[in-house]
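S.K.: any chance you can model this:
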Amino acid sequence: MNRKTLLSSFSGFNFVIWILYPLFFCITFGMMVHYCAQPEPFSDDYMKKELFRVYNLEIEKTARFIVIAYNANGSVRWFNLVFLFGAMIILGFQYAVIIFCGIQMQRKMKKELKNFSLPNRKLQQQFFKALVVQITLPTVLFHLPALPVLFSPFFDVKFTFQTGFIYAVFSLYPPIETVAFMLIVSEYSNIFKKSINRRPSAPDVRKRVSDISIL
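M.R.: Numbers count the residues shown, from 1 in each chain. The predicted model follows:
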């Protein structure tokens, strides 16, 4: 894409589309949570003892959205299933857009980089690899581990754990992303190495001695 095409993609009515795009999925997900994961007597009774045992909290005084696979008679709770699959469809669509844009970017980069110098070509390829890593890291750290947790109730798999460590995993993402970016892009890694290896220069002792002798 040249500069004019890029500007036209984010100006005029296209700018409104870029704003409406994330809002549409946010509103859709919010509606699914509101209508498909609202607390009810059965879900509260199902989670009451476990919530009090693990967190020492009363379920009536806790803000909650509960997803349960089956009713007491063994029938599937379809509205909860709609919520899970709806969330997976939204997330899968975003990944499809990312993969499509990444492939298109890679194809156009191969054509455009032929006109660049070898160092600049290498730098642009490193930036592209860093972008791929930025997409892969949250997938491996957050999204893939969440799949068995979300769908395990439908396979009658029961387990309990406190979710506090999830926030610790979230906090690992920014430093891991930064370190990966610095390791991939040579310019950043070189600057980082220079800043570490840089040592303060030793004071000139001879100059001090000469100044003292003059005084």
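S.K.: what's near enough to touch the residue nearest to the spatial centre of the chain?
M.R.: With distances taken as CA atoms, centre = their mean, Pro138 lies nearest the centre of the chain, 4.2 Å away. Going by CB atoms under 8 Å, 6 or more residues apart in numbering, Pro138 touches Tyr173. For the C-beta atoms, the positions are set from N, CA and C on the backbone; glycine is no exception.
S.K.: only alpha carbons, please: show the host helix or strand of Asn120 as CSV.
M.R.: With secondary structure defined by DSSP states H and E, Asn120 is part of helix 118-138. These are the backbone C-alpha positions of helix 118-138, laid out as CSV (Å, rounded to 0.1, in the frame of the first residue of the first chain):
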residue,chain,number,x,y,z
LEU,A,118,20.1,-5.2,2.4
PRO,A,119,20.3,-3.8,6.0
ASN,A,120,17.0,-2.1,5.6
ARG,A,121,15.5,-5.2,4.2
LYS,A,122,16.8,-7.2,7.1
LEU,A,123,15.4,-4.7,9.6
GLN,A,124,11.9,-4.8,8.0
GLN,A,125,11.9,-8.6,8.1
GLN,A,126,12.8,-8.5,11.8
PHE,A,127,9.9,-6.1,12.5
PHE,A,128,7.6,-8.5,10.8
LYS,A,129,8.9,-11.4,12.9
ALA,A,130,8.4,-9.3,16.0
LEU,A,131,4.8,-8.6,15.0
VAL,A,132,4.2,-12.4,14.6
VAL,A,133,5.6,-13.0,18.1
GLN,A,134,3.4,-10.2,19.5
ILE,A,135,0.4,-12.1,18.2
THR,A,136,1.6,-15.6,19.2
LEU,A,137,2.5,-14.8,22.8
PRO,A,138,-1.0,-13.9,24.0
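S.K.: could you point out which element follows it?
M.R.: The C-terminal neighbour of helix 118-138 among helices and strands, as given by DSSP H and E, is helix 144-151.
S.K.: if I look at Gln106, how far off is Lys114?
M.R.: Applying CB to CB, to the nearest Å, the value for Gln106 to Lys114 is 14 Å.
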